[in-house]
Structure formats: C-alpha cells, structure tokens
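Novice: quick check, what structure comes out for this input:
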Amino acid sequence: MIRVTFLGTAAARPTVGRNVTGIAVQREGEVLLFDCGEGTQRQMMRYQTGFGLRHIFVTHIHADHILGIPGLVRTMGLQGRTEPLTLHGPRGSRKVLIDAVHLGVERLPFEVRVEEVSDGDTVSFEGWHIDVFAVVHKHNALGFRLREDDRLGRFDVERARALGVPEGPLFGRLHRGETIEVDGRAIEPADLVGPPRAGRSVVYAGDTRPCERVVEMARDADLLIHEATFVDEERDRAVETLHSTAAEAARVGQEAEVRRLVLTHISARHADGPDRLRDEAAAIRPGTRIAHDGMVIEIGYRDEGDDAGVNS
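Specialist: You can find the predicted model right below:
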C-alpha cells in the first residue's frame with residue numbers, strides 16, 4: 001500500500017486550521033517527504049508518519065516549502081539519529097538548503113547530503129523511482145513523480161499443476177521468466193504467466209501554473225496532487241504569482257486522465273471555507289477533493305480491486 005499523508009496544505013503562511021506545505025509518502029516501509037514547511041516535524045508527530053525517512057524532495061526554495069528543515073533535522077538529531085539524510089532540490093538550491101540544515105544547529109550526529117536535480121532526472125530505488133520534471137514557477141521549481149516498476153504477471157497455479165510442475169522453487173523460476181524442464185518437457189513462462197501488471201504512480205506538481213509537462217508526467221496516474229491557490233475570479237493574481245486556480249488544476253487532471261485529483265496549497269483567504277475551490281474544480285473534474293491537514297490517501301493495486309481510498 002502507498003499511503004499519502006498531507007502534513008500541511010496552506011499556501012504561503014500557516015492558518016489556524018492548516019500548516020504550510022508538507023506531504024509524507026509511505027511505501028513498503030520507506031518514508032519520503034515532499035517539501036518541508038515550518039512546523040512539519042510537529043505535523044509528522046501529530047499524524048504519526050514517523051521520522052524514519054532517508055530522503056526529502058524539495059520543489060523550490062520559497063520559505064513555506066523549506067523553513068521546516070532546521071526544526072526537523074534538529075528533532076532527528078535529538079532523537080539520536082545516525083543514518084544519513086539526503087535532500088533533493090532544484091538547480092541552485094544547494095547553498096540555501098545547506099544553510100537551512102545548519103540554521104541554529106552547531107553539530108548534527110548524522111550526515112545531511114544535498115543533491116541538485118533538474119528536469120528529466122530520476123532518483124532510483126529498488127523497484128521504484130522518483131522522476132523529476134520542471135514546472136512553471138520561480139527558482140527552477142520542480143515536480144516529482146513516484147513511479148513503480150511493472151510487476152510480474154499473474155501466475156496460473158492450476159495450469160502449472162495440470163502440466164505436472166511440482167510446487168516449490170520451479171514455480172518461482174517460471175514466474176521470474178525462466179524456462180524449466182519437467183519429465184523431459186520444456187515448459188515456457190508464457191504458458192503460465194500473464195502479461196506484466198502496471199505499478200502505481202503518484203504525482204506531486206508543487207507550485208505551478210498549469211502546464212503541459214505536468215499533464216505529460218501525470219498521464220493515467222493513480223493520484224495527482226496539484227496546487228489550487230486561488231479561485232477563478234482571482235486568475236489574474238494566479239498568473240502574476242505563477243500559481244493555479246482550482247478550475248485550472250481540474251483541467252490539468254482532466255486532460256491527464258488521472259484516477260484521483262487532490263488540490264492543495266490553499267490561500268489563507270480560502271483556508272477555512274474551501275467550498276468554492278471544490279465546487280469550481282468538481283464542475284470540470286467530478287470527484288476532485290480539496291486536501292486538509294491530516295488527510296490520508298491509501299493507494300492499492302488496480303488489478304486487485306484495491307483502488308485509491310481516502311481515510312480522512
């Protein structure tokens with residue numbers, strides 16, 4: 001299961017009900033953090049995501065996306081952390097992020113690395129990846145896509161038995177694509193294994209104007225998290241500040257044919273009453289949700305009938 005927890009959903013500054021930007025993604029025991037606004041470590045405690053993360057992905061270096069880094073690393077240090085932590089930020093962010101790490105902290109008991117990434121880069125893990133893409137905002141802003149490798153096709157156990165394949169290691173070899181021999185007969189994986197099954201994908205666009213690069217990267221995603229700072233009547237302000245309206249974000253989700261669309265980065269003027277944002281978006285892309293702090297979305301595999309669900 002992929003579990004997405006919205007730690008902060010406000011734009012620019014916190015409000016009574018919303019912290020600034022931070023999203024935790026848990027997958028197979030791995031915890032990732034996307035952006036780290038002020039107070040993020042407190043939100044991680046509150047919503048029980050744990051601090052066992054090894055990577056933080058920063059979309060851009062505006063204060064509401066990075067000011068939580070000093071407090072988070074300080075908390076980790078006081079908890080006795082020794083494992084290294086890697087910050088992935090856009091081109092030109094290294095000095096700002098290093099300064100943030102050491103702000104008010106004389107010494108950390110663990111190493112913090114900063115790696116600059118840019119459009120087209122991929123940070124790979126075993127069986128899954130974080131794809132990096134450019135968006136339309138300031139300071140070389142980025143978006144990120146969590147993308148899993150395709151999984152093996154379904155193994156037909158009953159047919160394997162009918163062909164005389166003994167249960168055990170030979171099942172595994174066939175499933176992994178090896179041809180085996182049973183009683184002098186060659187048995188091919190294609191006889192027993194279905195086509196590969198798609199992995200899951202989660203796209204976080206960060207702060208951006210609506211753009212084709214987001215549509216491209218979010219195509220058929222299980223979840224797209226897109227900013228919606230303004231309502232449609234504030235579109236001139238959205239253009240000026242390189243943000244999106246709820247209606248514009250909904251059109252991006254509609255064009256990309258995503259399975260779930262959740263809007264975040266809500267302006268303080270709409271923070272306590274986001275109904276207009278929701279209504280504008282839902283008129284274009286039905287089912288669009290407005291994120292709130294503490295919202296959790298769990299994403300299972302489509303072919304197993306375990307689609308994305310909201311547990312908030």
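Novice: just the strands in the stretch 201-312 of the chain please.
Specialist: In the stretch 201-312 of the chain, the segments counted as strands under DSSP state E, counting those that start in this stretch are 201-204, 223-227, 261-264, 289-290, 296-299, 309-310.
Novice: how far does the second one sit from its chain's centre?
Specialist: Mean-position distance between strand 223-227 and its chain equals 9 Å (C-alpha atoms, centre = their mean, to the nearest Å).
Novice: quick revisit: how about JSON lines for the strands of the stretch 201-312 of the chain, with distance to residue 92 added?
Specialist: Placement of C-beta: from N, CA and C, glycine included. Below are these laid out as JSON lines (distance: least, C-beta to C-beta, whole Å):
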{"stretch": "strand 201-204", "distance to residue 92": "20"}
{"stretch": "strand 223-227", "distance to residue 92": "21"}
{"stretch": "strand 261-264", "distance to residue 92": "25"}
{"stretch": "strand 289-290", "distance to residue 92": "32"}
{"stretch": "strand 296-299", "distance to residue 92": "32"}
{"stretch": "strand 309-310", "distance to residue 92": "36"}
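Novice: among these, which comes closest to residue 20?
Specialist: Distance to residue 20, taken as C-beta to C-beta, is lowest for strand 261-264 among those, at 10.6 Å.
Novice: tell me which residues of that closest one come out buried.
Specialist: Buried residues in strand 261-264, counting neighbours by 16 or more other C-beta atoms under 10 Å, are found at 261-264.
Novice: between these, which is closest to residue 82?
Specialist: The closest of the buried residues of strand 261-264 to residue 82 turns out to be residue 264 (C-beta to C-beta; 33.0 Å).
Novice: hmm, residue 228 and that closest one touching each other?
Specialist: Yes. Using C-beta atoms under 8 Å, residue 264 makes contact with residue 228 at a distance of 7.2 Å.
Novice: pull up the overlap in contacts between the two.
Specialist: Common neighbours of residue 264 and residue 228 (criterion: C-beta atoms under 8 Å, 6 or more residues apart in numbering): residue 290.
Novice: show me the contacts for the closest residue to residue 288 other than its chain neighbours.
Specialist: Distances taken as C-beta to C-beta, 6 or more residues apart in numbering place residue 281 nearest to residue 288, at 4.0 Å, with adjacent residues excluded. Residue 281 makes contacts with 228, 246-247, 249-250, 261, 263, 288, 290, as judged by C-beta under 8 Å, 6+ apart.
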